[in-house]
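> based on what follows, work out the 3D shape:
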Amino acid sequence: MELPGLLLAALFVWGVIIYNLLVRDRNRVLAAWSDISVQLKRRHDLLPKLVDAVKQYAAYEQATLSAVIELRTRSEHATALAEKGRLESALGSGMRQLLAVAEQYPELKANQNFLALQRDIAAVEDHLQYARRYYNGAVRNLNTRIDSFPDLLLARPFGFRQQDYFELESAAERQDPEVR
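Numbering: from 1, shown residues only. So this is what the prediction gives:
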């Protein structure tokens, strides 16, 4: 083969490798978002149980209960990542408020079903934190590849776009929920 033929073959191989790396990184972002979605679904499934448990003991907390239910509904229908992140941050804060309300009721704190629910909520929040961390790492890798030379020469023409991070809105959300 002549030098121009070797050069063209090398460029083609380079293009295939870079394209495949971009596809791999994009698929990691999609898979990581799927993991977050699963954890958010688990959180949303536990929320009515928490609301019902607290409702039985703290009828005067109706405003908090209603607000948390409304946030859950709005989050389930949100499509934009930034909006979903904001709503989920607020939902996490609302769940912490409900758990704090429960602390005022010794008979509720002693209820075995409620204790199991608290453990489940803590586990979901832990898994959600890990899923967020993995997702944001996958987004960072994809975004870096899209912005890096020479990868950007293929990324942009083939439609690879920057992805948004799944960030927490409030400092309170950055802390683990207190579960005893």
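
> every contact and neighbour count from this point should use C-alpha atoms.
Noted.

> next SSE downstream of the top helix by length along the chain?
Using DSSP state H, we find that the single longest helix of the chain is helix 3-57. Once helix 3-57 ends, the next helix or strand along the chain (criterion: DSSP states H and E) is helix 62-77.

> centre of the chain to that following helix, how far?
Centre-to-centre, helix 62-77 and its host chain are 18 Å apart (CA atoms, centre = their mean, to the nearest Å).

> between that helix and helix 3-57, how many degrees?
If you take axes from the mean of the first three to the mean of the last three CA atoms, to 10 degrees, helix 62-77 sits at 160 degrees to helix 3-57.

> low-scoring stretches of the chain, by residue?
1, 57-61, 168-180 (pLDDT under 70).

> recalculate using a threshold of 50.
173, 177, 179-180 (pLDDT under 50).

> how is Asp164 assigned, secondary-structure-wise?
Under DSSP: H, G, I helix; E, B strand; the rest coil, Asp164 falls in the coil class.

> dump the residue contacts of it.
Leu81, Ala82, Val139 (CA atoms under 8 Å, 6 or more residues apart in numbering).

> out of those residues, who's the most crowded?
Counting neighbours by other CA atoms under 10 Å, the top entry in these is Val139, with 24 neighbours.

> residue contacts, that one?
By CA under 8 Å, 6+ apart, Val139 lies in contact with Asp25, Val29, Gln162, Gln163, Asp164, Tyr165.

> now the buried members of these.
Buried members of the contacts of Val139, scored by 16 or more other CA atoms under 10 Å, are Asp25, Val29, Gln162, Tyr165.

> what sits closest to the last one if chain neighbours are left out?
Setting aside the residues directly before and after it, Tyr165 is nearest to Asn136 in space (CA to CA, 6 or more residues apart in numbering), at 5.4 Å.

> then the second one?
Excluding its sequence neighbours, the residue lying closest to Val29 (CA to CA, 6+ apart) is Ala138, at 5.2 Å.

> next one: the first one
Closest residue to Asp25 in three dimensions, ignoring its sequence neighbours and counting by CA to CA, 6+ apart: Leu142, at 5.3 Å.
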